[in-house]
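In: no sequence on this one, just coordinates:
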């Protein structure tokens, strides 16, 4: 459907429900989901108290919240899709240096695609405090591996996790399908034109400043409104640059210039981003807030917490779950889907 930008000074936050619907014309699918539905929403107006609104609201609003999202590289988004993270960096916060060699990367990719439907490949760490990697080095880390994956017969959609147009272009030429830009096209003035000319999907993520300094800027009057306003502006900029609405994906940027309290608020309010009418990606795997809440000091100890967050995302209608632990997430998601009613007894 044509993209309808929501009202800039109000948020219509549907209340996600699962299981058997209450029936009647008011019960609508949530963001095209086969698992979730909604029949009421809260109106969040800037500077005013939250008020409940019965559904259906206006026709265009109801359609934006309910309508199926555009297919993503041939994948329907009527259920959550798993995006597996393949880091090709020596300093990634979670698995830096483990898969740098093309052979190791191909082996890990072949393992992940048993459970993941998308691969996300990055050659520059964007963890808090990370320093910028030169373009040539980032290309050298990523493009040969993407090419090797394609030569190995892996046809799974590949996303290049980069904020630099030259890196994205080299990755697309090597066989990548998607651009995942943590700066939502802000960092490199050539990125928007590249994405538009190549006609590929792009993930627009909320972030502030740079990875090196972002945690110093984790100050918001209201984090939900700040993220919302940022994504609104970045969607408008992408459309102005000629990027098709059907190629836009939103990511609230968990852990990027945010405190634990900010991350928790966004996870609770994730459904507030559905009235853009766009797919929603959640990337919270092994993030610092999980350690802060559980005492899990290292990223490798945060697998169980990461799976719990992924299921929260699924319950809020997230379309793509970006995770390190693909097997564990797939198992949990399969059980969740069966509980929601997608299981046929023999």
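Out: Here it is on my side, so go on. Just so it is clear, the structure is predicted and the values come from calculations on it, not from any experiment.

In: can you list the domain ranges for this structure.
Out: The chain breaks down into these domains under automatic domain parsing: 10-66, 81-339.

In: low-confidence ranges in the stretch 101-250 of the chain?
Out: Across the stretch 101-250 of the chain, nothing is flagged by pLDDT under 70.

In: show me the strands in it, by range?
Out: Remark: strands assigned in the stretch 101-250 of the chain by DSSP state E, counting those that start in this stretch are 118-122, 158-161, 178-181, 202-205, 248-251.

In: those: which one's closest to residue 69?
Out: Between residue 69 and the strands of the stretch 101-250 of the chain, the tightest spacing by CB to CB is seen for strand 248-251, at 8.8 Å. Any C-beta I mention is one placed from the backbone N, CA and C, and that applies to glycine too.

In: can you list the helices and strands that the closest one packs against?
Out: Packed against strand 248-251 by the contact rule (3 or more CB pairs under 8 Å, 6 or more residues apart in numbering; DSSP states H and E) you find strand 202-205, helix 223-240, strand 281-282.

In: what's the burial count for residue 133?
Out: Look at residue 133: counted by other CB atoms under 10 Å, it has 20 neighbours.

In: my bad, should have said residue 214
Out: Neighbours of residue 214 using other CB under 10 Å come to 22.

In: the residue nearest to it when sequence neighbours are not counted: what's it in contact with?
Out: Leaving aside its sequence neighbours, residue 214 sits nearest to residue 257 (CB to CB, 6 or more residues apart in numbering; 3.7 Å). The contact partners of residue 257, by CB atoms under 8 Å, 6 or more residues apart in numbering, come to 207-209, 214-215, 217-218.

In: could you check the pLDDT of residue 5?
Out: What the model reports for residue 5 is a pLDDT of 85.

In: over to the one 10 residues further on?
Out: The confidence metric pLDDT takes the value 93 at residue 15.

In: pop out the phi and psi values for it.
Out: Main-chain torsions, residue 15, degrees, to the nearest 10: phi -90, psi 110.

In: residue 37: what secondary structure?
Out: Using DSSP: H, G, I helix; E, B strand; the rest coil, the structure places residue 37 in strand.

In: do residue 43 as well
Out: Per three-state DSSP, residue 43 ends up strand.

In: now residue 334
Out: Criterion first, three-state DSSP; result for residue 334: helix.

In: that one and residue 81, how far apart?
Out: Residue 334 is 13 Å from residue 81, where distance means CB to CB, to the nearest Å.

In: ok, and the closest non-adjacent residue to residue 177?
Out: Spatial nearest neighbour of residue 177, excluding adjacent residues (CB to CB, 6+ apart): residue 157 at 4.6 Å.

In: give me the phi and psi for the one you found.
Out: The phi/psi pair for residue 157 (degrees, to the nearest 10) is phi -50, psi 140.

In: of residue 334 and residue 81, who's got more company?
Out: residue 81 (22 against 13).

In: mind checking how far that one is from residue 171?
Out: Here residue 81 is placed at a distance of 20 Å from residue 171 (CB to CB).

In: same question, residue 220
Out: Remark: distance between residue 220 and residue 171 (CB to CB) = 32 Å.

In: neighbour-wise, which of those two wins?
Out: In this view residue 220 and residue 171 are compared by other CB under 10 Å, and residue 171 has more residues nearby, 28 against 16.
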